[in-house]
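Participant: pasting the sequence and the predicted coordinates here, then a few questions.
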Amino acid sequence: MKALHIRKRGDRVSLPEKEFKKLLAKAEELDDIKAYDRAMKKINSGKAEFVTLEEVLKDMPKPKSKR
């Protein structure tokens with residue numbers, strides 16, 4: 001099984017690639033949770049609001065076609 005070697009401030013950590021991918025997925029999930037919490041704080045404080053997907057798509061710039 002392949003192992004990834006990670007260096008941080010002189011310390012070396014080796015772990016299987018499968019374990020690294022699991023940890024990476026958990027970190028990404030945690031980032032999503034933190035982003036959600038930040039968004040909810042803005043909504044609750046009145047600095048932001050919910051909008052529908054249709055409104056978001058309508059306000060997005062149209063891609064220019066290449067010809």
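Facilitator: Sure thing, it's come through.
Participant: tell me the SS of residue 51?
Facilitator: coil (DSSP: H, G, I helix; E, B strand; the rest coil).
Participant: quick check on it: phi, psi?
Facilitator: Residue 51 adopts backbone torsions of phi -130, psi 160, taken as degrees, to the nearest 10.
Participant: so how far is residue 44 from it?
Facilitator: Residue 51 sits 16 Å away from residue 44, going by C-beta to C-beta, to the nearest Å. For every residue, glycine as well, the C-beta is placed using N, CA and C.
Participant: just residue 34 next, same as before
Facilitator: 16 Å.
Participant: pLDDT value on residue 1, please?
Facilitator: At residue 1 the predicted local confidence, pLDDT, stands at 51.
Participant: can you check residue 42 too?
Facilitator: Per-residue pLDDT puts residue 42 at 91.
Participant: what bits of this protein have low per-residue confidence?
Facilitator: Residues of the chain that meet the criterion pLDDT under 70 lie in 1-11, 66-67.
Participant: all helices for it, in order.
Facilitator: Read by DSSP state H, the chain holds these helices, from start to end of the chain: 17-45, 53-59.
Participant: among those helices, which is the most enclosed?
Facilitator: Scoring these by mean neighbour count under mean count of other C-beta atoms under 10 Å gives helix 17-45 as the most buried, with a mean of 11.
Participant: centre of the chain to it, how far?
Facilitator: 6 Å (C-alpha atoms, centre = their mean, to the nearest Å).
Participant: and residue 41, how far is that from residue 47?
Facilitator: With distances taken as C-beta to C-beta, residue 41 is found 8 Å from residue 47.
Participant: now swap in residue 18 and tell me
Facilitator: 41 Å.
Participant: just residue 19 next, same as before
Facilitator: Relative to residue 47, residue 19 is positioned 39 Å away (C-beta to C-beta).
Participant: what do you get for residue 64?
Facilitator: Distance from residue 64 to residue 47, by C-beta to C-beta: 33 Å.
Participant: having no further points to raise, I will conclude here.
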